[in-house]
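Visitor: next input, structure requested:
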Amino acid sequence: MGFQSGAAPGHPAAVTAATAYTSRERSLILTFAIVGALIESMELNLLSFPLTDLAASFAVSTQSVVGVITLQSLASIAGGFLFGWIADRWGRKASYVIFTAMYSIAAVVGGFAQDYTTFTLTRAIAGLAMGGAFGVIFAMFAESWKSRKRGFMGAVLQGMFIAGTLITQVVLYTTISALGSDTGWHTGFIAIGFGCLIIAGTAALWLPESKVWLAAKDEAGATGETAAAPVRARPDKGVIRGAVFLTLTTTGVFAASYSYITFAPTYLRETAGVSLTASTIILTVGTLLGIASYVVAGTLSDRIGRRRATLYASVVGVVAFGAFAFADTGSPTVAVIALMGPAIGYAGFGVLGTWISEFYPTRYRAFGSNATYYVARGIGSGLFPLGAVALAGGDLHIALALGGVGALVGLVGCLFVQDTADRVISAGS
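Guide: Residues are numbered from 1 along each chain as shown. Purely as a prediction, here's the structure:
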């Protein structure tokens, strides 16, 4: 797969991420990418933090709520294909505005829901909408950012997905503490939904369209291709092989991350006996450590390449989850300290966002990125936690520790994916 563009000056393919934008345009695109990552993560984690509150409110088991998380993740796979296709055919901006508005409305309606069936339906719709976020956000970023520090800035952007978790925890902790379990989570959902809806409206007015995508569209028109041609373009065998292993790697890292994200809040409150206030502080510290590990891994990838940085991060994950598995967690203090390892055990995400967006060419970057990311998320964050808790017989310590299996899968998968650290992002590549 050729990563350098040999197009002549003036040809659409000569439009590159490094040269096509003014500083203001690049800043606006990055700002909306960051905000999009934040609110996508906020929506995604609306179920994990108040897991016990939701179960009590609807009189169902916590495993039933984990099942809704699985449904939401599986719905995001369909959304990934849908919104990736929209982004590659009609533009990054249109896709961004539509999926942001969709999952904002789903959060608001879910906040008003009084029965479990309606609530589950809103989460399925939110999952479908969330399928649009990753590929579009990272396509916007890759097609507007200079390559020299793309790994570092991509890690910062990826860190916003985990920072959204922190915002969700703060909002829901505040509303649940002030208003009680039932009214609190309802209010938190509604507040987050309305805030995100404002972002959708703002993006419709101010988000610049990707000039690299526009140039690719012009190039397709010049050769007589239809508007849908970018999505129908057939990738070569190298891309297909790399995409399979890149998806495997991402699945493993998702499995590691969602072992922590799904089970850590309930593990602290139910198994370790930590209060809501203390568990929120502990999870906040873990979130900050996770963001720092993303930035370290992403920065490292600019120096030694995407593959090696992901490999090293996966090794850390295997060791961290292994240490947690064998820690004596009879003491709450030991349990809390041991939990900090898994909090950084999925640092590979600091590299994967950039790596995935660089890997696919412009003509189907959003579609390919979404396919990799949301298939991986559907399996890693949807099916894996459900299987882990079943395999562990409901023991949250074991279920969380099984995240080490995901880190190991990520380690093996990344060995077979081509490095893209030096790729020039243009309309033709």
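Visitor: what secondary structure does residue 145 sit in?
Guide: Taking DSSP: H, G, I helix; E, B strand; the rest coil as the rule, one finds residue 145 in the coil state.
Visitor: tell me which residues touch it, please.
Guide: Shown in contact with residue 145 (Cβ atoms under 8 Å, 6 or more residues apart in numbering): 17, 26, 30, 153, 154. Heads up, the C-betas are built off the backbone N, CA and C, glycines and all.
Visitor: before we move on, what about residue 207?
Guide: Neighbouring residues of residue 207 by Cβ under 8 Å, 6+ apart: 28, 29, 32, 93, 96, 97.
Visitor: which of those residues are buried?
Guide: Of all the contacts of residue 207 considered here, the ones buried according to neighbour count by 16 or more other Cβ atoms under 10 Å are 28, 29, 32, 93, 96, 97.
Visitor: want to try a markdown table for those, with pLDDT and secondary structure as columns?
Guide: Formatted as a markdown table, these follow (pLDDT from 0 to 100; DSSP: H, G, I helix; E, B strand; the rest coil):
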| residue | pLDDT | secondary structure |
| --- | --- | --- |
| 28 | 94 | helix |
| 29 | 94 | helix |
| 32 | 95 | helix |
| 93 | 95 | helix |
| 96 | 96 | helix |
| 97 | 96 | helix |
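Visitor: in TSV: these, plus distance to residue 401.
Guide: Written out in TSV, the entries for those read as follows (distance: Cβ to Cβ, whole Å):
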residue	distance to residue 401
28	43
29	40
32	38
93	43
96	37
97	41
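Visitor: per-residue confidence for residue 301?
Guide: At residue 301 the predicted local confidence, pLDDT, stands at 96.
Visitor: hmm, I typed the wrong one, I wanted residue 412.
Guide: Looking at residue 412, its pLDDT reads 97.
Visitor: helix/strand/coil for residue 419?
Guide: For residue 419, the secondary structure call by three-state DSSP comes out as coil.
Visitor: all numbers from here: first residue = 29
Guide: Will do, 29 is the new start, and the previous item becomes residue 447.
Visitor: enumerate every residue touching it.
Guide: Under the contact definition (Cβ under 8 Å, 6+ apart), the residues listed for residue 447 are 333, 334, 335, 336.
Visitor: how close does the last one get to residue 448?
Guide: Translated: residue 336. Separation of residue 336 from residue 448 (Cβ to Cβ, to the nearest Å): 13 Å.
Visitor: okay, those two: which has more neighbours?
Guide: It is residue 448, of residue 336 and residue 448, that has more neighbours when counted by other Cβ atoms under 10 Å, with 26 against 17.
Visitor: excluding its backbone neighbours, what's nearest the more buried one?
Guide: Among residues not flanking residue 448 along the chain, residue 386 sits closest, at 3.9 Å (Cβ to Cβ, 6 or more residues apart in numbering).
Visitor: flag the shaky bits of the stretch 179-328 of the chain, pLDDT-wise.
Guide: Per-residue confidence for the stretch 179-328 of the chain (pLDDT under 70) gives these ranges: 248-263.
Visitor: in stretch 98-114, what's buried?
Guide: When neighbours are counted by 16+ other Cβ under 10 Å, the buried residues of stretch 98-114 are found to be 98-105, 107-114.
Visitor: sorry, back to before: most neighbours among the contacts of residue 173, which one is it?
Guide: When neighbours are counted by other Cβ under 10 Å, residue 182 leads these with 29 neighbours.
Visitor: so who does the residue lying closest to that residue once chain neighbours are set aside touch?
Guide: Using Cβ to Cβ, 6+ apart and skipping the chain neighbours, the partner closest in space to residue 182 is residue 382 (3.1 Å). The neighbourhood of residue 382, defined by Cβ under 8 Å, 6+ apart, consists of 166, 170, 178, 179, 182, 183, 186, 326, 329, 334.
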